[in-house]
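Chemist: Sequence first, predicted model second:
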There are 2 protein chains.
Amino acid sequence: MRHALCAFRALEMIDSFNIHAVVLAGGAGVRFWPLSRETLPKQMLQIAGEDTLIRQTLKRINGFVPPNHIWIVTTSDKAQDIRFHIDSLGPLAKSIYFINEPVGRNTAPAIGLAALHLHHLSSDSIMIVMPSDHAIPETEKFLNDLTLAIRSAMDGHLVTFGIKPIRPETGYGYIQVDLSSRMEAKGLFKIERFIEKPDLQTAKGYLSQGSYFWNSGIFVWKASQILSEIATHLPSLSRILKEMESLLFSQGQPNKPNDLNQSNKPDQPEKLKDIYSRLESISIDYGVMERSRNTFMVPASFTWSDLGSWAALDEILPKNSDGNILKGNTIDVGSTDSIVFAGERLVTTIGLREMVVVDTPDATLVAPKTRSQDVRKIVEVLKQTGREERLLHKTVERPWGSYTVLEKGLGYKIKRVFLKPKARLSLQLHHRRSEHWVVVSGQAKVTTGDDIFLVRTNESTYIPVHTRHRLENPEEEPLQVIEVQSGDYLEEDDIERFEDDYGRQ
Amino acid sequence: MRHALCAFRALEMIDSFNIHAVVLAGGAGVRFWPLSRETLPKQMLQIAGEDTLIRQTLKRINGFVPPNHIWIVTTSDKAQDIRFHIDSLGPLAKSIYFINEPVGRNTAPAIGLAALHLHHLSSDSIMIVMPSDHAIPETEKFLNDLTLAIRSAMDGHLVTFGIKPIRPETGYGYIQVDLSSRMEAKGLFKIERFIEKPDLQTAKGYLSQGSYFWNSGIFVWKASQILSEIATHLPSLSRILKEMESLLFSQGQPNKPNDLNQSNKPDQPEKLKDIYSRLESISIDYGVMERSRNTFMVPASFTWSDLGSWAALDEILPKNSDGNILKGNTIDVGSTDSIVFAGERLVTTIGLREMVVVDTPDATLVAPKTRSQDVRKIVEVLKQTGREERLLHKTVERPWGSYTVLEKGLGYKIKRVFLKPKARLSLQLHHRRSEHWVVVSGQAKVTTGDDIFLVRTNESTYIPVHTRHRLENPEEEPLQVIEVQSGDYLEEDDIERFEDDYGRQ
């Protein structure tokens, strides 16, 4: 809690009651495939630091703003996964509001939508806009810089953070500042222009000068100010936001965005989706920041990476004496400057030079670091061919625990099911499969039809097709069950739920 | 059968009754890890051609010599695995004799031992000595060249095959011949000398001249002649062979080496092992060929590779237009001149240049082609750390079918067990584990204690600890069973066998 307290001190002069953190969590994270999947985007991965990126992001800002001033903007399908994912953060997780992006339309609409909500709460609301999937190992430095940015935002400016380049990076956008504009007291520079990803020659030029910075994609401004800038630079977005505003807040009450499934206006989500779908997909950088003359930059004192590709881990993770980052079950003979990301399976490497190797239970990636951006092309092939390796991992997290598909064959599927202490699955029924359960550790409470009974370690039971059943862990220890499914159709959507502790249908 | 008939024609002038093929099958095949394992050496892999290397080797020579003139020399532990492995060859497999190498001592002792057996059968026996793990795609050319070699061997020469170099290879030994010595009628050259693996500069020199050939390691000679050469150049080996001869053939009857476990001299195997263990580990090339002045070479007209490393696949397998060899479940974007060997798991590659990627269910290897020999170093690390990935695959072939370890955890292990039609496991008992069996396809006949009953698809049964049991497939269709083992010790050696169809104890 040290940096949180420290940050509170730094904010003494600022009215923190109006400051909100808006965490953008809509990204698909294709570029970290095969570790990221459509159902497990980059923000939910633990690739740098002691926790997953989104949990680190929330912990970083928690305390600097009160927990109930943290908002996550994402689509409703991702929201449920993220809610389960951050559940381990305890009370913090419970305080966080979710803002529902009806469909993904890039950052300008998402930020506009969040600004609507915050402006509705107070006309003085300040927004800190943060991606959920960046790596910022130095929280204290980050929060100090944030304080500078907030002061400037209170004066009505659009403020971003620029990262001092340390190499001629061609994967980032750049910010050019007017070095003579530095406001000594506040430490900010006036921004001259935003620059799209440059070629190598240009990037080298930027590195040798002092006035070019990497665009971090972290922003601070008043909600009222960004809405006003959107009205100027993106008038069509502004019009649609006004339509949404009248829908969202028509009854004069701040909508509780947390209650995604409990709207008192049942057709509201559909209407919002219709409206939002008409929006152009556009980034806030391109739509507003590049066009506004009211933009300022705090030169970041913190280390940062947007983790745009596997190669970006070089910026954040410690290396061994050969320049390698080796994680998981690896054996290496004589590689240098390479990244090997393994899990429990053994990955062996010999004499690699600047390569990336990523291994997961069902898929492996091998590429030179310089080509690691091209993993998108692999994901594209997987999409075109309808392959599951794009969507799911073999192990799928669930609110009650997790399951791992160990084997699929003609007419059968084998899963290892792990239940947290005291957790239970929904009361459910399958129309096309029966299930054998063997308890391999812990003790299960099983409902089958009208019977309820205990199944101990090394005992088994059988769930016939069309039979209501429930698996429950009544103990304080984890429960592990091997489930052998038999049937002509064995997909997850053959499930009818009657009761669920987690509100699923 | 075309080439076999053709070869018989070519041999019309030769008395084929005395010609024998001796297949050396003692190799560990470390260099093809992770596809090869200690229990599945290179000769049992299907890496080039339509069958495994040893089955291709046996099919290549079958017909050229009669099936009961084929001998496999290997250690007794490997002999059982090989016997099961070649079982699919039908009557041919049943005709083959096994000669038991008491312990591995390289090729000179193994060949000497085979020569003893063949010389005992007839003083005119001719031996074709062939490694079991070479790739020779062109059988007809090989058999034609073999006929030339046999004619020369009948004249009392030691004959080998030389391969015309097509690149400055540093991984092979070389043979220098006297080009002026060509015997027009017989097509052979007199050998000047054998040369150990050269450096690159020297290999380039050899390539530009016409008198250097790669040493194929395939030999033809009279059994009596090689025994006589061994007596001259390896007198200590010769003495020990004489000791063995008196043990093996003391009763004037040719020992049936096929009956490895049914010796009528129960202490004979131990005595032979004691004697053989005293032998120096030495190759026939180094021990005899380099020292004899009686050596001739047939310039091979056939394509050949000793498959000494993963990179050697380049010599044998067809490549796509980018120079890649892609096998199994692979997606590639822009690689060139690379080898990707995958199984069912997905392996994705981007922009590789002259790399080798090999994937198996439990281990992956990534290396530049130029370093693929160094896989030995990986295997050495695995050996030092006692890791199972060196010994076994997740799927283990058995005479009755196969099993795959799907998952191991604390106190449990899950296997998929596959039984061939009409096959059955031994009647057995485990002292420290119980087993749940779920039949996922086919129908099982199960013995548990005194009960015998059928278990149909989607039914299950339970085998308590300390209970005699047997799993049997009574049907003409394959049987698949998921076995969940529970217990404090779950290794394969917790097994007591009472009856076994395959003579195992």
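Modeler: Nice, I can see it.
Chemist: Next, see if stretch A:433-447 gets close to chain B.
Modeler: Yes: with Cβ under 8 Å from any Cβ of the partner chain as the criterion, chain B is reached by stretch A:433-447 at A:Ser434, A:His436, A:Val438, A:Val440, A:Ser441. No exception for glycine: its C-beta is placed from N, CA and C like everyone else's.
Chemist: all helices of chain A, in order?
Modeler: For chain A, the helices defined by DSSP state H cover A:2-10, A:53-61, A:76-86, A:91-95, A:107-121, A:139-154, A:200-208, A:223-233, A:235-248, A:268-277, A:284, A:313-316, A:375-384.
Chemist: Mind checking those for the one nearest to chain B?
Modeler: With Cβ to the nearest Cβ, the closest approach to chain B among those belongs to helix A:375-384: 4.6 Å.
Chemist: if I look at A:Leu248, how far off is A:Met127?
Modeler: 17 Å (Cβ to Cβ, to the nearest Å).
Chemist: So between the two, which is more surrounded?
Modeler: A:Met127 (26 against 21; other Cβ atoms under 10 Å in any protein chain shown).
Chemist: so who does that one touch?
Modeler: A:20-22, A:111, A:114-115, A:118, A:219-223, A:226 (Cβ atoms under 8 Å, 6 or more residues apart in numbering or on different chains).
Chemist: can you pick the most crowded of those?
Modeler: Counting neighbours by other Cβ under 10 Å, A:Trp221 leads the contacts of A:Met127 with 31 neighbours.
Chemist: so it touches A:Asp155, yeah?
Modeler: No: with contact defined as Cβ atoms under 8 Å, A:Trp221 does not reach A:Asp155; the gap is 10.4 Å.
Chemist: Do I have it right that A:Ala48 meets A:Ala135?
Modeler: Yes: using Cβ under 8 Å, A:Ala48 is in contact with A:Ala135, at 4.3 Å.
Chemist: residues shared between the contacts of those two?
Modeler: Joint contacts of A:Ala48 and A:Ala135 (Cβ under 8 Å, 6+ apart) are A:Ser305, A:Leu307, A:Ile316.
Chemist: of the residues you listed, closest to A:Leu207?
Modeler: A:Ser305 (16.8 Å; Cβ to Cβ).
Chemist: Could you list the low-pLDDT ranges of chain A?
Modeler: Filtered on pLDDT under 70, chain A yields the residue ranges A:1-16, A:183-185, A:250-267, A:505.
Chemist: Break it down into its structural domains.
Modeler: Domains of chain A are assigned by automatic domain parsing as A:2-299, A:310-377, A:395-499.
Chemist: which one of those domains lies closest to B:Phe498?
Modeler: Judging those by Cβ to Cβ, what sits closest to B:Phe498 is domain A:395-499, at 24.1 Å.
Chemist: Could you tell me the end-to-end distance of the closest one?
Modeler: Terminal residues of domain A:395-499 lie 24 Å apart, using Cα to Cα, to the nearest Å.
Chemist: wait, isn't A:Ala300 in contact with A:Phe161?
Modeler: Yes: if you go by Cβ under 8 Å, A:Ala300 and A:Phe161 touch, sitting 4.6 Å apart.
Chemist: can you tell me how far A:Val481 sits from B:Ile482?
Modeler: In terms of Cβ to Cβ, A:Val481 sits 13 Å off from B:Ile482.
Chemist: ugh, typo on my part, it should be A:Ser321
Modeler: 46 Å.
Chemist: And A:His466, by the same measure?
Modeler: With Cβ to Cβ as the criterion, A:His466 and B:Ile482 are 22 Å apart.
Chemist: same thing with A:Arg468?
Modeler: When A:Arg468 is compared with B:Ile482 (using Cβ to Cβ), they lie 24 Å apart.
Chemist: hang on, the earlier thing: most surrounded residue in the shared contacts of A:Ala48 and A:Ala135?
Modeler: Result: A:Leu307 is most packed of the shared contacts of A:Ala48 and A:Ala135 (other Cβ under 10 Å), 24 neighbours.
Chemist: excluding its backbone neighbours, what's nearest that residue?
Modeler: If the residues on either side of it in the chain are set aside, A:Leu307 comes closest to A:Ala135, at 5.5 Å by Cβ to Cβ, 6 or more residues apart in numbering or on different chains.
Chemist: rewinding a little: quick check: of the residues of stretch A:433-447 next to chain B, which has the highest neighbour count?
Modeler: A:Val438 (28 neighbours).
Chemist: In contact with A:Met44, which residues?
Modeler: Counting by Cβ under 8 Å, 6+ apart, A:Met44 has contacts A:Ser36, A:Thr52, A:Leu53, A:Ile54, A:Asp81, A:Ile82, A:His85.
Chemist: change it to 10 Å
Modeler: Contacts for A:Met44 (Cβ atoms under 10 Å, 6 or more residues apart in numbering or on different chains) come out as A:25, A:29, A:36-37, A:52-55, A:78, A:81-82, A:84-86, A:132-133, A:397.
Chemist: same check, this time on A:Val356
Modeler: A:309-311, A:313-314, A:325, A:338-341, A:365-372, A:375, B:350.
Chemist: circling back: mutual contacts of A:Trp221 and A:Asp155, please.
Modeler: Joint contacts of A:Trp221 and A:Asp155 (Cβ under 10 Å, 6+ apart) are A:Asn294, A:Phe296.
Chemist: picking up where we left off before, out of A:Ser321 and B:Ile482, which sits in the busier spot?
Modeler: Shown here are A:Ser321 and B:Ile482; by other Cβ under 10 Å, B:Ile482 has more neighbours (25 against 6).
Chemist: Excluding sequence neighbours, find me the nearest residue to that one.
Modeler: B:Ile482 sits nearest to B:Val438 (Cβ to Cβ, 6+ apart), 4.6 Å away.
Chemist: Spit out the contact partners of that neighbour.
Modeler: Here B:Val438 is in contact with A:412, A:414, A:435-436, A:438, A:460, A:462, A:482-486, B:444, B:455, B:457-461, B:480-484 (criterion: Cβ under 10 Å, 6+ apart).
Chemist: any chance of the helices of chain A in JSON lines, plus distance to chain B?
Modeler: Below are the helices of chain A laid out as JSON lines (distance: least, Cβ to the nearest Cβ, whole Å):
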{"stretch": "helix A:2-10", "distance to chain B": "38"}
{"stretch": "helix A:53-61", "distance to chain B": "23"}
{"stretch": "helix A:76-86", "distance to chain B": "23"}
{"stretch": "helix A:91-95", "distance to chain B": "30"}
{"stretch": "helix A:107-121", "distance to chain B": "28"}
{"stretch": "helix A:139-154", "distance to chain B": "33"}
{"stretch": "helix A:200-208", "distance to chain B": "17"}
{"stretch": "helix A:223-233", "distance to chain B": "38"}
{"stretch": "helix A:235-248", "distance to chain B": "36"}
{"stretch": "helix A:268-277", "distance to chain B": "32"}
{"stretch": "helix A:284", "distance to chain B": "31"}
{"stretch": "helix A:313-316", "distance to chain B": "16"}
{"stretch": "helix A:375-384", "distance to chain B": "5"}
